[in-house]
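Trainee: please work out how this folds:
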Amino acid sequence: MDKRSKTMIIVTIFLLFLLIIKSTVIDPVGELVGDSEKYRLYALQTSPLSGGLLERTGLLTYRVVKVKQDSIEGNTEVLLKIENSDEWTSDILEGQYSGKVRAYLFYFIPVKDINFRGGFVKDEK
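Mentor: Residues are numbered from 1 along each chain as shown. Below you'll find the predicted structure:
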């Protein structure tokens, strides 16, 4: 193997290492407090919309990368899943929220961004 090929392999390994660090340490928001934490849970629990093969095998994972309170006016209604149960509960948060959930393949390759604005909207039928 020539010197250029070795250099390219080293650069590729270095960039892969940087991607792993970025995806696992820098991207996800940590634990939040109050209504922001409730919105983070809402975004994380409602983001896996389709139960595809990648999700069933555990190759596709979701992480919340952004939660932001857009305004303090109004309310945001969210659905939260009760732990150790298949039941959902409704909660009302003070203010308007938005967030972003990112899907990762193999825990570190970003493949899809899911943006949230507001919360759950009930059908008035």
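Trainee: tell me how many other residues crowd residue 25.
Mentor: Neighbourhood size, residue 25 [other Cβ atoms under 10 Å]: 8. C-beta: built from backbone N, CA, C; applies to glycine.
Trainee: I should have written residue 17 there, sorry.
Mentor: 10.
Trainee: confirm that it sits in a strand.
Mentor: No. Under DSSP: H, G, I helix; E, B strand; the rest coil, residue 17 sits outside any strand and is assigned helix.
Trainee: that one and residue 27: what is the separation?
Mentor: 15 Å (Cβ to Cβ, to the nearest Å).
Trainee: next: residue 95.
Mentor: The value you get for residue 95 to residue 27, if Cβ to Cβ is used, is 24 Å.
Trainee: likewise residue 36?
Mentor: 17 Å.
Trainee: nearest residue to residue 103 other than its sequence neighbours?
Mentor: residue 112 (4.1 Å; Cβ to Cβ, 6 or more residues apart in numbering).
Trainee: please enumerate the strands of the protein.
Mentor: Here the chain has its strands, by DSSP state E, at 60-81, 88-105, 109-117.
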